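Novice: everything below, folded, please.
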Amino acid sequence: MSQHEHDHHTHAAAASPEITFEHEPAPNTKRIWKTFWILLCLTIAELALGLSHYAFDLHGWILLFLKGGMIILSLAKAVYIVSIFMHLGDEIRNMRLTVLVPLLLFIWFILAFLWDGVAWKDLRNKYDKAPPTEQVQPHGEQKPGHLN
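Specialist: Numbers count the residues shown, from 1 in each chain. Presented below is the predicted three-dimensional model:
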């Protein structure tokens, strides 16, 4: 390498923003820690609700409230993860709606099919009861313990 090439290479390396020797903390370190603490708190609360179901003998409305709280916390965690890690929170409104509207429709379809399935099962159990049948014994055979 000639002196001219060496000087040109040294000058290009010093002027290039991609090559740095001083490392500073990332500018979004606070955002990363904030995300960590929020997800940690949501996870601990979710686990506390889930494990309290086994620690205490809960029934009725309290158990329903507990399960509802777990579902709400899980959804909050999912929304936060999507908005931060998938950068959906940084997108424009129309892009967010492009993702969220089909998701909400999908959730609505699941709930509608579950509702319809339960209604169908209940109607079937109510109106399609099989008539009681007696076991017909072939001619000449005896039932156990029955004398002719």
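Novice: what's Val99 in contact with, if anything?
Specialist: With contacts defined as CB atoms under 8 Å, 6 or more residues apart in numbering, the neighbours of Val99 are Leu88. In short, each C-beta sits where N, CA and C put it, glycine included.
Novice: so it, which of the three states?
Specialist: Secondary structure for Val99, judged by DSSP: H, G, I helix; E, B strand; the rest coil, is helix.
Novice: so Leu104 is in which element?
Specialist: Secondary structure here is read from DSSP states H and E; on that basis Leu104 sits in helix 93-127.
Novice: equivalent analysis for Leu66, please.
Specialist: Leu66 is part of helix 61-85 when elements are defined by DSSP H and E.
Novice: could I get the average pLDDT for that helix?
Specialist: Helix 61-85 shows a mean pLDDT of 88.
Novice: got the buried residues for that helix?
Specialist: Burial within helix 61-85, assessed by neighbour count using 16 or more other CB atoms under 10 Å, is assigned to 66, 69-70, 73, 77, 82, 84.
Novice: closest one to Lys34 out of these, please.
Specialist: Nearest to Lys34, judged by CB to CB, of those is Ile84 at 9.3 Å.
Novice: what's the nearest residue to the closest one if we skip its chain neighbours?
Specialist: Among residues not flanking Ile84 along the chain, Thr35 sits closest, at 5.3 Å (CB to CB, 6 or more residues apart in numbering).
Novice: the one helix or strand the one you found maps to: how far from the chain's middle?
Specialist: For Thr35, the enclosing helix or strand under DSSP H and E is helix 29-55. What separates the centre of helix 29-55 from the centre of its chain is 14 Å, taken as CA atoms, centre = their mean, to the nearest Å.
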